[in-house]
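Participant: Please find the sequence and the predicted model below.
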Amino acid sequence: MIQLVKYGNTNCYYIEGKNGSILVDTDWAGTLHLFYKKIKELNIKNIDYLLITHYHPDHMGIAQDILDNMNTKLLVVDVQKDYIHCSDKILEKDKNTNFNPINTKPVIISCDESREFLKKLGIDGEIIYTPGHSEDSISMILDNGGAFVGDLYDLKSAKAFNDEKINNSWNDILSHNISKIYYGHHEQTINKEDF
């Protein structure tokens, strides 16, 4: 089951497998009360893992709050481990929020280990490295055709950029028989007929 958890500027997604669940991304610091309101509305009671597509402020702002309050573990792909704190200074400067930097030891896996890890949760898919928007960008690809790509430039924009790194990431994503793309900021998902 996939649910859109939109409570601010960023599309976050709850994926429930047979044996566990993952939340893909959070929103800005200061949105925790909106997050709780939204998951109550969606009847989400448990989040086993939090996976952040990239460590920009609008995707990891309340990560530590969720980890502290919901008994959730942070799932980090090894290509991301040096970027976990890259937004801390930005968020700490905002005096209107109560930002809590990530201070929890994460569960670190490689992309090669991701299929086996997800399978234990009852989720069929894998996590792939998709740099382009940022050097720490990853995407979760489900076997049912869903691709959670965070802020990777949409296909139309990617063609205009004509950037080798972005093109390679999209070629990797599309090689997985994708039927639906879940973006971090588009109002709704983009279906296969749109790309």
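Facilitator: Nice, I can see it.
Participant: give me every residue that touches the nearest residue to Lys120 once chain neighbours are set aside.
Facilitator: Counting by CB to CB, 6 or more residues apart in numbering, Asn19 is the residue found nearest to Lys120 once chain neighbours are left out, at 6.5 Å. Glycine gets a C-beta too; all of them are placed from N, C-alpha and C. By CB atoms under 8 Å, 6 or more residues apart in numbering, the residues touching Asn19 are Lys120, Leu121, Gly122.
Participant: per-residue confidence for the closest residue in space to the second one that isn't next to it in sequence?
Facilitator: Nearest residue to Leu121 in three dimensions, chain neighbours excluded: Gly20, at 3.5 Å (CB to CB, 6+ apart). Confidence at Gly20, expressed as pLDDT, is 97.
Participant: what's the distance between Gly20 and Ser137?
Facilitator: Distance, Gly20 to Ser137, using CB to CB, to the nearest Å: 24 Å.
Participant: Neighbour count: those two, which is higher?
Facilitator: The residue with more neighbours, out of Gly20 and Ser137, is Ser137; 28 against 18, by other CB atoms under 10 Å.
Participant: ok, now which ones touch the closest residue to the more buried one other than its chain neighbours?
Facilitator: Distances taken as CB to CB, 6+ apart place His54 nearest to Ser137, at 4.4 Å, with adjacent residues excluded. Taking CB under 8 Å, 6+ apart, we find His54 in contact with Gln80, Tyr83, His133, Ser134, Asp136, Ser137, Ile138, Gly150, Asp151.
Participant: try it again with 7 Å
Facilitator: His133, Ser134, Asp136, Ser137, Gly150, Asp151 (CB atoms under 7 Å, 6 or more residues apart in numbering).
Participant: Mind checking which of those residues are buried?
Facilitator: For these, a burial check counting by 16 or more other CB atoms under 10 Å picks out His133, Ser134, Asp136, Ser137, Gly150, Asp151.
Participant: and of those, the nearest to Leu50?
Facilitator: The closest of the buried ones among the contacts of His54 to Leu50 turns out to be Gly150 (CB to CB; 13.4 Å).
Participant: Now the closest one. Nearest residue, chain neighbours left out?
Facilitator: Thr53 (2.8 Å).
Participant: Report the secondary structure state of the one you found.
Facilitator: Here Thr53 is coil, with the state taken from DSSP: H, G, I helix; E, B strand; the rest coil.
Participant: Tell me how many other residues crowd it.
Facilitator: 30.
Participant: my guess is it contacts Ala147, does it?
Facilitator: No - judged on CB atoms under 7 Å, Thr53 makes no contact with Ala147 at a distance of 11.0 Å.
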